[in-house]
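Chemist: Okay, sequence plus prediction incoming.
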Amino acid sequence: MAGWQALYWDNQLVSQISANADAGESFEHSFILQAQNEAMAEADVEPRQINCTLKLKLNWQPFALSYQLEVGEQLLAEGDVTEQDIESQELVNRVKQPRKFSILGLGSLALKLFKSAKVVKVLFAAGSLAAYTWLFSIEFAIALILCLVFHEYGHIRAMQRFGLKTKGIYLIPFVGGLAVSDDRINTRWQNVYISIMGPCYGLFLSLVCLVLYWITDIELLAGLAAFNALLNLFNMLPVLPLDGGHVLKSISFSVNSVVGLLFCVVCAIAGVAVSYTFGLALLGFLLAIGSIEILFEWKQRHHSDLLPLDRYGQIVSGCWYFATVGGLSWIIWHLGQGENSALALPLRILAS
């Protein structure tokens, strides 16, 4: 749990410490800077070497960092950093991450090119309404769009909780919605919290619709509860760029030991087994594929500059993820047990 440490000076890597579960709490980065002004260069004088040492005391649970920067034998700077400090800081000149070619990535880039135009939101919303009306009815289409907006509002509220600037909600026909922010996150916990709050809002809305259905016996409410749960459940699949993919990616990228990685694998296998036990074949298949994808990307976790989750954060994130998936799955399973074929459709989709 010591983390992967990379120290940059003027965007140049000067010191690096590999992850080590038994590294303890104290670390030391030593590096040499070369100083040379114009007069020294003209006189062909060798650059002066400056010996620098950065001493760290790092505690992961909860995260706390104390540092001392020494130049020669002189103490130049010292201070303390908490996770809240990292969440609120604005990083300039971030290290660029290697990106893979992705059709979804190209779609995201195209959206960013147009997101400044407010008319795009209206056009996307109108297209979504027309698409869902064509598939269902105008009443159900309006209700479904409200469910999508409520889901994305969960992401917006989570972004605002960390002080991130939001650009609003975009509705994309046949795809769903997208909450957009111009700011970038600094920690894996921010990624988990923002990603999972959308499905949590969706779970809460489905539970409200289900309770109202029990009280009023209006089948439209039951249909909303089932289909809204299905949409949010697919969002929780561990496939990037879905919400579940971001959650499990943050968990797996924060694990630096073989034991932690094996724990993630066991949880994934358990999720697949539970899915097939309850006849949710499609969910189990996609869970397996998504978990394999996350494990492959786990090898590239050290390229990220996000503060990883501590062990407590990993456990909380994992339990939160499986509790949300379980709640959404239960709603679909419960409503699919009746004789109404429309309400059983989400369950049949998962069992296909």
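Modeler: Received the coordinates, thanks.

Chemist: quick one: low-confidence parts of the stretch 101-250 of the chain?
Modeler: Low-confidence segments of the stretch 101-250 of the chain (pLDDT under 70): 101-137, 169-180, 239-241.

Chemist: how about the helices in it?
Modeler: Assigned by DSSP state H, counting those that start in this stretch, the helices in the stretch 101-250 of the chain fall at 103-114, 118-135, 138-161, 188-216, 219-235, 243-253.

Chemist: pLDDT wise, what is residue 26 at?
Modeler: Predicted confidence (pLDDT) for residue 26: 86.

Chemist: for residue 273, same thing?
Modeler: pLDDT, residue 273: 75.

Chemist: Contacts only, for the nearest residue to residue 225 once chain neighbours are set aside.
Modeler: Closest residue to residue 225 apart from its sequence neighbours, by C-beta to C-beta, 6 or more residues apart in numbering: residue 209 at 3.9 Å. From N, CA and C alone the C-beta is placed, and that goes for glycine too. Taking C-beta atoms under 8 Å, 6 or more residues apart in numbering, we find residue 209 in contact with 221-222, 224-225, 228.

Chemist: and which of those is nearest residue 192?
Modeler: Among the contacts of residue 209, residue 228 lies closest to residue 192 (C-beta to C-beta), at 22.0 Å.

Chemist: For burial, what's the neighbour tally of the closest one?
Modeler: The tally of other residues near residue 228 (other C-beta atoms under 10 Å) stands at 27.

Chemist: Now do the SS call for residue 13.
Modeler: Under DSSP: H, G, I helix; E, B strand; the rest coil, residue 13 falls in the strand class.

Chemist: residues in contact with it?
Modeler: 6-7 are the contacts of residue 13 under C-beta under 8 Å, 6+ apart.

Chemist: Which strand residues bridge it?
Modeler: residue 8 (DSSP bridges).

Chemist: any idea how far it lies from residue 5?
Modeler: According to C-beta to C-beta, to the nearest Å, residue 13 and residue 5 sit 11 Å apart.

Chemist: ok, now residue 335?
Modeler: 50 Å.

Chemist: Give me the pLDDT value at residue 92.
Modeler: 65.

Chemist: Disregarding residues adjacent in the polypeptide, which is nearest to residue 342?
Modeler: residue 223 (6.2 Å).

Chemist: I misspoke; the intended subject was residue 189.
Modeler: Excluding its sequence neighbours, the residue lying closest to residue 189 (C-beta to C-beta, 6+ apart) is residue 313, at 5.5 Å.

Chemist: C-terminal to the helix or strand hosting the one you found, what's the next element?
Modeler: Under the criterion of DSSP states H and E, residue 313 resides in helix 311-335. Scanning forward in sequence from helix 311-335 by DSSP H and E, the next helix or strand is helix 341-351.

Chemist: Looking at that following helix now, give me its mean pLDDT.
Modeler: pLDDT averaged over helix 341-351 gives 75.

Chemist: what packs against that helix?
Modeler: helix 219-235, helix 281-298, helix 311-335 (3 or more C-beta pairs under 8 Å, 6 or more residues apart in numbering; DSSP states H and E).

Chemist: Report the buried residues of it.
Modeler: 343-347, 349-351 (16 or more other C-beta atoms under 10 Å).

Chemist: Using a markdown table, lay out those together with distance to residue 68.
Modeler: Formatted as a markdown table, those follow (distance: C-beta to C-beta, whole Å):
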| residue | distance to residue 68 |
| --- | --- |
| 343 | 63 |
| 344 | 64 |
| 345 | 63 |
| 346 | 58 |
| 347 | 60 |
| 349 | 58 |
| 350 | 55 |
| 351 | 60 |
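
Chemist: Make sure residue 4 is actually in contact with residue 58.
Modeler: No. Under the criterion of C-beta atoms under 8 Å, residue 4 makes no contact with residue 58, lying 11.8 Å away.

Chemist: more neighbours, the two?
Modeler: residue 58 (19 against 15).

Chemist: For that one, what is the enclosing helix or strand?
Modeler: Using DSSP H and E, residue 58 falls in strand 48-60.

Chemist: List the contacts of that strand.
Modeler: Contacts for strand 48-60 (C-beta under 8 Å, 6+ apart): 1-3, 5, 7, 15, 25-36, 40, 64-72, 310-311.

Chemist: Please apply the same query to stretch 214-228.
Modeler: For stretch 214-228, the external contacting residues (C-beta under 8 Å, 6+ apart) are 139-140, 143-144, 147, 202, 205-207, 209-210, 212-213, 331-332, 335-336, 340, 342-343, 345-346.

Chemist: buried stuff in that stretch?
Modeler: 221-228.

Chemist: what do you get for stretch 74-88?
Modeler: Across stretch 74-88, burial judged by 16+ other C-beta under 10 Å covers 81, 83, 86-87.

Chemist: same thing with stretch 198-210?
Modeler: Quick answer for stretch 198-210 (16+ other C-beta under 10 Å): 198-203, 205-207, 209-210.

Chemist: With only the CA atoms kept, save that stretch in PDB.
Modeler: Taking Å, rounded to 0.1, in the frame of the first residue of the first chain, the C-alpha atoms of stretch 198-210 are listed here in PDB:
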ATOM      1  CA  GLY A 198     -25.700   8.400 -10.800                       C
ATOM      2  CA  PRO A 199     -26.700   4.700 -10.400                       C
ATOM      3  CA  CYS A 200     -27.500   5.400  -6.700                       C
ATOM      4  CA  TYR A 201     -29.900   8.200  -7.700                       C
ATOM      5  CA  GLY A 202     -31.400   5.800 -10.200                       C
ATOM      6  CA  LEU A 203     -31.700   3.100  -7.500                       C
ATOM      7  CA  PHE A 204     -33.500   5.500  -5.200                       C
ATOM      8  CA  LEU A 205     -35.900   6.600  -8.000                       C
ATOM      9  CA  SER A 206     -36.700   3.000  -8.900                       C
ATOM     10  CA  LEU A 207     -37.400   2.200  -5.200                       C
ATOM     11  CA  VAL A 208     -39.700   5.200  -5.000                       C
ATOM     12  CA  CYS A 209     -41.600   4.100  -8.100                       C
ATOM     13  CA  LEU A 210     -41.900   0.600  -6.800                       C
END
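
Chemist: This completes my enquiry, with thanks.
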